[in-house]
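**Q** The sequence and its predicted three-dimensional model are supplied below.
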Amino acid sequence: MSDTIHFRSKEFQLFIDEPLRKFACQSVDYFLEKNTPVKHNQLKAIPSVIAGGKFAALQRLIESQRQKNTKKDNKPFWEFLHQNLIQTQQVTEYSLYHFLRKQPFIASQLSDETAAETRVQRKKMKKENNKIIDPYMEQLISIFFEHFNCHYFYQTQGLS
């Protein structure tokens, strides 16, 4: 029996409701501890971008916003999203990829990259592992941002 979870299963719904919500809230708290809050309008476009073009569209938005000559206060926010949602090389504690890799229903499907004998093998294993994680990212990204935005708006109420 495989440890994979079907996206419509009760287990997956519980994962979305509890661990994913907690992780999104912790991500917000981590960002706000170290940075000046950005205006709420910086977050308001994210759900519609995801709805219209899924994770790929969100990646394009994040890259576009990072490269813009925009307000100084906004740069750390978009850089935070880049590091924690897109960048898989230097995984941080608040990286969604890192969080997903630790979940038993995903971890059981992944190859141990540290067991690779060569750099080429490790890179190939990492690529294969990302192929396993990517469908979960697609399924979870909009829900992650529902939790993220709710907590962000709660934590910064009265600031924007």
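**A** Thanks, I have the structure now. Small disclaimer: the values here were computed from a predicted structure and weren't measured.
**Q** Strands of this protein, start to end?
**A** For the chain, applying DSSP state E gives no strands.
**Q** can you map out the helices along this structure?
**A** Assigned by DSSP state H, the helices in the chain fall at 10-17, 19-34, 41-44, 46-67, 75-81, 96-102, 104-107, 119-155.
**Q** Residue 87: which of these is closest?
**A** helix 96-102 (8.5 Å; Cβ to Cβ). All C-beta spots, glycine's among them, are computed from the backbone N, C-alpha and C.
**Q** and the closest one, which residues are buried?
**A** Of the residues in helix 96-102, 96-97, 99-101 count as buried by neighbour count, 16 or more other Cβ atoms under 10 Å.
**Q** what helices or strands is that helix leaning on?
**A** helix 119-155 (3 or more Cβ pairs under 8 Å, 6 or more residues apart in numbering; DSSP states H and E).
**Q** helices or strands next to the helix it packs on in the packing?
**A** helix 19-34, helix 41-44, helix 46-67, helix 96-102, helix 104-107.
**Q** that older thread, mind putting the helices of the chain in CSV, distance to residue 113 included?
**A** Below are the helices of the chain laid out as CSV (distance: least, Cβ to Cβ, whole Å):
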stretch, distance to residue 113
helix 10-17, 23
helix 19-34, 22
helix 41-44, 33
helix 46-67, 22
helix 75-81, 25
helix 96-102, 10
helix 104-107, 12
helix 119-155, 5
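**Q** No further queries at this time; thank you.
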